[in-house]
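Chemist: From the sequence below, what's the structure:
(2 chains)
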Amino acid sequence: NAGVTQTPKFRVLKTGQSMTLLCAQDMNHEYMYWYRQDPGMGLRLIHYSVGEGTTAKGEVPDGYNVSRLKKQNFLLGLESAAPSQTSVYFCASSSQNQPQHFGDGTRLSIL
Amino acid sequence: AQTVTQSQPEMSVQEAETVTLSCTYDTSENNYYLFWYKQPPSRQMILVIRQEAYKQQNATENRFSVNFQKAAKSFSLKISDSQLGDTAMYFCAFPGGSNYKLTFGKGTLLTVNP
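Modeler: Predicted structure coming up:
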């Protein structure tokens, strides 16, 4: 049972490039989330989804887009990467009233 | 809006001793959950303990226990018999609203010294 899997684990981009981070969960969870973690800031919610085909903005959504075409997958896109988006990104999933399960994170550097 | 405050950016404790990490939160909800997560140097987010607000009994998981004071909106984590493997960043988290979005505190870096 893999739980929550994030790909890639590391990535370096140049300013203005685009990329997509993939999150996959095999626990049949309804809820999925994307967070970013910066030093001294804890984890901040970027976007989340309460079910297949639905997405919503979190605390820091600007510069990101998401899609949940399949229940098990939640994609995070950066259309035009900026140095301020250098961070560690975590995906998580959960079912109702249960703790969130996290992926191992993606370290993204924007030069 | 929910807020979570961890007032201790860093703490240290000697191996085998007890340490308490503090967390306060603000919410207008009555029924909710609270979590403590641990993030070791490996960067994984690991659930340590969970407390349901409607339960008066404090949650316990082996060496980890909480002191939950609902009226004071306080949710502290006590680690007994500290071990070197407890060295990590600890986050208090509160899932607010019907979508169970987690609001995290900024974390407390705990170092267990031999």
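Chemist: How far away from the center of its chain is stretch A:78-97?
Modeler: The chain centroid and the centroid of stretch A:78-97 are separated by 3 Å under CA atoms, centre = their mean, to the nearest Å.
Chemist: gap between the two ends of it?
Modeler: 30 Å (CA to CA, to the nearest Å).
Chemist: which of the residues in it are buried?
Modeler: Buried residues in stretch A:78-97, counted by 16 or more other CB atoms under 10 Å in any protein chain shown: A:L78, A:A81, A:Q85, A:T86, A:S87, A:Y89, A:F90, A:C91, A:A92, A:S93, A:S94. In this view, the C-beta of every residue, glycine as well, is placed from N, C-alpha and C.
Chemist: Likewise for stretch B:107-114?
Modeler: The neighbour-count check on stretch B:107-114 (16+ other CB under 10 Å) flags B:G107, B:T108, B:L110, B:V112 as buried.
Chemist: Next SSE downstream of the worst-scoring helix or strand of chain B on mean pLDDT?
Modeler: Least confident helix or strand of chain B, by mean pLDDT, DSSP states H and E, is strand B:101-104 with a mean of 84. Sequence order places strand B:108-113 as the next helix or strand after strand B:101-104, per DSSP states H and E.
Chemist: other SSEs contacting that following strand?
Modeler: strand B:10-14, strand B:19-21, strand B:88-96 (3 or more CB pairs under 8 Å, 6 or more residues apart in numbering or on different chains; DSSP states H and E).
Chemist: Work out the gap between stretch B:40-54 and the centre of the chain.
Modeler: 7 Å.
Chemist: For that stretch, give the mean pLDDT please.
Modeler: If you average the pLDDT over stretch B:40-54, you get 91.
Chemist: picking that back up, now, of the helices and strands packed on strand B:108-113, which is deepest in the fold?
Modeler: strand B:88-96 (a mean of 23; mean count of other CB atoms under 10 Å in any protein chain shown).
Chemist: tell me the pLDDT at the most centrally placed residue in chain A?
Modeler: Residue closest to the average C-alpha location in chain A (CA atoms, centre = their mean): A:W34, at 3.2 Å. pLDDT for A:W34: 97.
Chemist: Good, we can wrap up now.
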